[in-house]
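Trainee: Sequence and predicted structure are below.
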Protein chains: 2
Amino acid sequence: MKRNVLIIGAGGVAQVVAHKCAQNNDILGDLHIASRTKSKCDAILQTVADKGAMKQDGVFTSHAVDAMDSAAVAALIREVGAQIVINVGTAFVNMTVLDACIETGAAYIDTAIHEDPEKICETPPWYGNYEWKKRALCAEKGVTAILGAGFDPGVVNAFARYAIDTYMDEVTSIDIVDINAGSHGKYFATNFDPEINFREFTGTVYYWEDQKWKETSMFASGREWDLPVVGKQKAYQSGHDEVHSLAANYPQADVRFWMGFGDHYINVFTVLQNLGLLSEKPVTTAEGLEVVPLKLVKACLPDPSSLAPDYTGNTCIGDLVKGTKDGAPVEVFVYNVADHAEAYAEVGSQGISYTAGVPAVAAAMLVASGEWDAKTMKNIEELDPKPFFTILDDIGLPTRVEFNGKDTAWNA
Amino acid sequence: MKRNVLIIGAGGVAQVVAHKCAQNNDILGDLHIASRTKSKCDAILQTVADKGAMKQDGVFTSHAVDAMDSAAVAALIREVGAQIVINVGTAFVNMTVLDACIETGAAYIDTAIHEDPEKICETPPWYGNYEWKKRALCAEKGVTAILGAGFDPGVVNAFARYAIDTYMDEVTSIDIVDINAGSHGKYFATNFDPEINFREFTGTVYYWEDQKWKETSMFASGREWDLPVVGKQKAYQSGHDEVHSLAANYPQADVRFWMGFGDHYINVFTVLQNLGLLSEKPVTTAEGLEVVPLKLVKACLPDPSSLAPDYTGNTCIGDLVKGTKDGAPVEVFVYNVADHAEAYAEVGSQGISYTAGVPAVAAAMLVASGEWDAKTMKNIEELDPKPFFTILDDIGLPTRVEFNGKDTAWNA
C-alpha cells in the first residue's frame, strides 16, 4: 500500500492526471503537483477547484521544481511524503525523476520514453538506451517503476497482453493503430508538445518483423484501416515506444505501430521537414542569433492545451493481434474510443491528453492498492491487465473487443 | 558628366552590378564597393578578378560601411570621390543612403523601394511613404536620384513608357508580368533575399483600377499567360513597387503586376504563412528566446546566390500595354527573355540577380553620360527609355516587342 502522489509537469496531460487524482484522492491520499513554473501548476489547481474534482477533503498543493535536477526532485518527494511519483513532464526529465525515486524509494510512473534533447531516434530497443539500464537497481532496491503508462504506450501494451493471454496459444503479430478522427478547427496544430510530436516522426521508423529490427521512414509505409466509430482512416508506420518493449517481451511476434495522418498534416510536416524547420540543431540567423528551428516552430503553433474547448470527434486506439489457437489462425482487435468533447467537459482537456493521462492515474491506483506495486521496473505488458481495464472502465476509458464478428466489452 | 561609382551592398545583385561596372569602367571611372561585411565585398572583387572583368586598368576597392549610418556613408562617398552611388543593399537602407547622396551631391540609384523593417506593405502609393518626400529637396539641391532602376521596377517602367509613346495616343491598361521559368534544383528557395521576397507577398496586394487603389490578397487573383520562350505560365496579382509610380504617372490607366508562381511555391508559402513563420514580429520560445520567425526561415533557406551554378531555364518579364491609336484599340507586349545559365557564365550569378543588377549599371552609365543626370528625383518612366534600351541591348538584356502578330527587336 502506497499513498500520496507527486505529479511532475503542468501541461495538458498533467491537467488530466491532476483531475483524475483528485477524483480518486480517497485511494491516492495527499496530492502535489510541481513544475518549473509554479503558476502553471496553480492554474491547474484552479481548474480542479472549479470542477469540484476532489472526491474528499484533502491536500492538493503546487510546488516549483526543476525536474532536470534529481536532488531537488528527491528533496521535494521527501518534503511532501510522496510514495508515488507520476512523471508527466517533458520526456527529457525521465531519468532525473527516476533517479530521485530510486533515491527516495517512491514508486515511479511515466507515460513516454526518455529522450535526450541532443539526439533523435536512438538505436532500438529505445528503452535499452536509458530506462532499462536502471532495472537491476530498481529490483535491488525494491523500487517500483512503471514505464509508459499512458495510452500508447500503456493501455495498448495491456491490450496486447490481454489479447494474447485470452485468445491465442501463440502470437504472430501485434499491430497498434492510433487514429485521431477529431477536429480542432485550427489550420494546423499538434495534439501534444510539438517538439516531442515532431521528434517522433523525423527519425528512422523502427519496427520488429521476422525477429529482427527493420527500418523504414516516416510516411513511406501506409495503409487504410476500417475501425469502430471512426471508420476508414489512413495510417502510417511510425516509431513508437511500445514497439520496443513488446518486441522484447514477444520476440516471436511482428510488432508495428500505425499512426493516422490526414493529407494536410503530412503536407505541413513535409514542408517543415524539407526546409529544415524541424531540426533540433541550432542555426544562426544573419543577425547572429542561434535558434533551434523546432523550438521556434513550437512557439508559433497553438498550445496543445488551447485546442480543448473546440475539439470535437473521437479517437480510436487499439491493437490488432494475430496468432493461433489450437493450430488455427485467430485474430482479435482490442480497442478504446474516446470523445474529445466529453474529455473537455470532464477535466478541461482534449481527448489526446485525456487518453494519455487517465491510464497513468489508473496505474497509480494499482500501485496504491498493491496490485501493481512490483518492487522492480516493469513495462505495462509485464503486469496483469485485468485490474487495469477494470479501473479504466470506471474512470473513463472502457476497453472493447472485436472478435469473431462481435463487438463487446472486454469482460462481457 | 559624373564619374566614379560606389556600390552599396554585397549580395547577388551587387555581384552583377560589380561585374557590369567593371566591364564598363572606361565610362564609369573608379569603382568602390561597400557593405557591413567587407569580406563579402572582397569575395565579389575576387570573382571580378577571376573573370578579368575590368575593361581597362583602374581602381576597384572594397570598404566596410554600416549603410544604416547616413553620416558614415556620406564620409565614404567623399573619401572615395564617388559621384554616382548604386544602392543594392537591403531595402531597409534606401533612405540613409539617399540622405548621404543629398548631403554630398552624388547621384543616387536604387533597384527597390525603401522598407521599414517594422512595417509590411504600407499605404499606397508606397513611394509616397519615404522616397518622394525627398523629391523637392533633390530638385532644390540639384541631386539626381533614380528610383527603382532594376528590372521590375525599372526596365518594366521604361517598357510602359516606350509602349505608350510609340504605339498609342491613350493608354488604358498596363499589366506587368514576371515569369521565372528557371529551375534551381532545390526543394525550395527564393531567388533573392527571402526576407524581402516573402515580405512582398504577406501584405495587402494593391493595384490601380478605375483611377483608384483597389486591394486583393496574395494568390487570390491569378490567370494563365502565354509568353515568348517560357510558354504558358500561371501568374498571380502581387504588390510591386512600379505599380505605385506608374499609377501616379498614368492615372488614366489600370496598372497591375503579375508574378508567376508554381503550385509548389504556393504550397510552401501557404504553409509558412499560415503557421506564422513569415511574421516579422518576434515570438518568444519556451526557453525565453525572442526570435523573428522570418529571419529564422531565411537562415534555413538556401542563400539565393548559391543557386546560380545549377540554375537553368529562362525568365520572361514584360508589359502588356493596351490603349487606343487613332480611336482604335491597340495592344503591345514589350519584354525581355534572360537565361540563367548565360548569366552565371558571364558574371557568376543567376538570372534573377542578373536582370535586377544590369539595368542599374545601365542607369549609372546614362547618369555618367549626362543623358539621365536629371538633377532631381525620377522614377524610370519619367526618363527617355530609348538610350536605356540601347545600352541594355549591348550589355545583356535586349528589349523585344510583340505587336500586330510580329515579334521583333524594339528598334527593328
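Mentor: Sure thing, it's come through. Being a predicted model, the structure only gives us computed values, none of them experimental. Numbers count the residues shown, from 1 in each chain, chains lettered A, B, ... in the order given.

Trainee: what about the residue in the stretch 51-200 of chain A positioned nearest to chain B, neighbour count?
Mentor: In the stretch 51-200 of chain A, the residue that lies nearest chain B is residue A:187 (4.5 Å; Cβ to the nearest Cβ). In this view, the C-beta of every residue, glycine as well, is placed from N, C-alpha and C. By the measure other Cβ atoms under 10 Å in any protein chain shown, the count of residues near residue A:187 is 15.

Trainee: Tell me how far it lies from residue A:265.
Mentor: Using Cβ to Cβ, to the nearest Å, we find residue A:187 at a distance of 11 Å from residue A:265.

Trainee: isn't the residue of the stretch 51-200 of chain A closest to chain B right next to residue B:274, touching?
Mentor: Yes - in this structure, residue A:187 is within contact of residue B:274 by Cβ atoms under 8 Å, at 4.5 Å.

Trainee: Confirm residue A:331 sits in a strand?
Mentor: Yes - counting by DSSP: H, G, I helix; E, B strand; the rest coil, residue A:331 is part of a strand.

Trainee: residues in contact with the strand or helix carrying residue A:172?
Mentor: Secondary structure assignment for residue A:172, by DSSP states H and E: strand A:170-180. Strand A:170-180 has contacts (Cβ atoms under 8 Å, 6 or more residues apart in numbering or on different chains) with A:152, A:156, A:159-160, A:163-164, A:191, A:225, A:227, A:230, A:233, A:235, A:240, A:242-243, A:246, A:250, A:252-260, A:313, A:315-324, A:351-352.

Trainee: buried stuff in the next helix or strand after it?
Mentor: Next in sequence after strand A:170-180, counting helices and strands by DSSP H and E, comes helix A:194-202. Neighbour counts over helix A:194-202 (16 or more other Cβ atoms under 10 Å in any protein chain shown) mark A:194, A:195, A:197, A:198, A:199, A:200, A:201, A:202 as buried.

Trainee: do the same with stretch A:326-343
Mentor: Neighbour-count burial for stretch A:326-343, counted by 16+ other Cβ under 10 Å, picks out A:330-341, A:343.

Trainee: Kindly reformat those residues as JSON lines and extend each row with distance to chain B and pLDDT.
Mentor: Shown next, in JSON lines, are the buried residues of stretch A:326-343 (distance: Cβ to the nearest Cβ, whole Å; pLDDT from 0 to 100):
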{"residue": "A:330", "distance to chain B": "45", "pLDDT": "98"}
{"residue": "A:331", "distance to chain B": "40", "pLDDT": "98"}
{"residue": "A:332", "distance to chain B": "40", "pLDDT": "98"}
{"residue": "A:333", "distance to chain B": "35", "pLDDT": "98"}
{"residue": "A:334", "distance to chain B": "37", "pLDDT": "98"}
{"residue": "A:335", "distance to chain B": "33", "pLDDT": "98"}
{"residue": "A:336", "distance to chain B": "31", "pLDDT": "98"}
{"residue": "A:337", "distance to chain B": "30", "pLDDT": "97"}
{"residue": "A:338", "distance to chain B": "27", "pLDDT": "96"}
{"residue": "A:339", "distance to chain B": "28", "pLDDT": "95"}
{"residue": "A:340", "distance to chain B": "22", "pLDDT": "93"}
{"residue": "A:341", "distance to chain B": "25", "pLDDT": "94"}
{"residue": "A:343", "distance to chain B": "24", "pLDDT": "92"}
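
Trainee: Go through these and say which is closest to residue A:89.
Mentor: Of all these, the one sitting nearest residue A:89 is residue A:343; the distance, using Cβ to Cβ, is 20.8 Å.

Trainee: Spatially, and excluding backbone neighbours, which residue is closest to that closest one.
Mentor: Nearest residue to residue A:343 in three dimensions, chain neighbours excluded: residue A:354, at 3.6 Å (Cβ to Cβ, 6 or more residues apart in numbering or on different chains).

Trainee: Show me the domain layout of chain A.
Mentor: Domain assignment of chain A by automatic domain parsing yields the ranges A:5-152+A:350-395, A:155-349+A:399-409.

Trainee: Switch the ones you listed over to TSV; also include distance to residue B:99.
Mentor: Output for those, formatted as TSV (distance: least, Cβ to Cβ, whole Å):
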stretch	distance to residue B:99
domain A:5-152+A:350-395	47
domain A:155-349+A:399-409	24
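
Trainee: which parts of the stretch 101-250 of chain A sit against chain B?
Mentor: With Cβ under 8 Å from any Cβ of the partner chain as the criterion, the stretch 101-250 of chain A comes near chain B at residues A:187, A:188.

Trainee: just for the stretch 101-250 of chain A, where's the confidence low?
Mentor: Residues of the stretch 101-250 of chain A meeting the criterion pLDDT under 70: A:120-121.

Trainee: now, of the domains of chain A, which is deepest in the fold?
Mentor: Among the domains of chain A, domain A:5-152+A:350-395 has the highest mean neighbour count (mean count of other Cβ atoms under 10 Å in any protein chain shown), at a mean of 21.

Trainee: end to end, how far does that one reach?
Mentor: With Cα to Cα, to the nearest Å as the measure, domain A:5-152+A:350-395 spans 18 Å from end to end.

Trainee: Which stretches in the stretch 301-412 of chain A count as strands?
Mentor: Remark: strands assigned in the stretch 301-412 of chain A by DSSP state E, counting those that start in this stretch are A:314-325, A:328-339, A:377-379, A:400-403, A:406-409.

Trainee: I appreciate the help and will end here.
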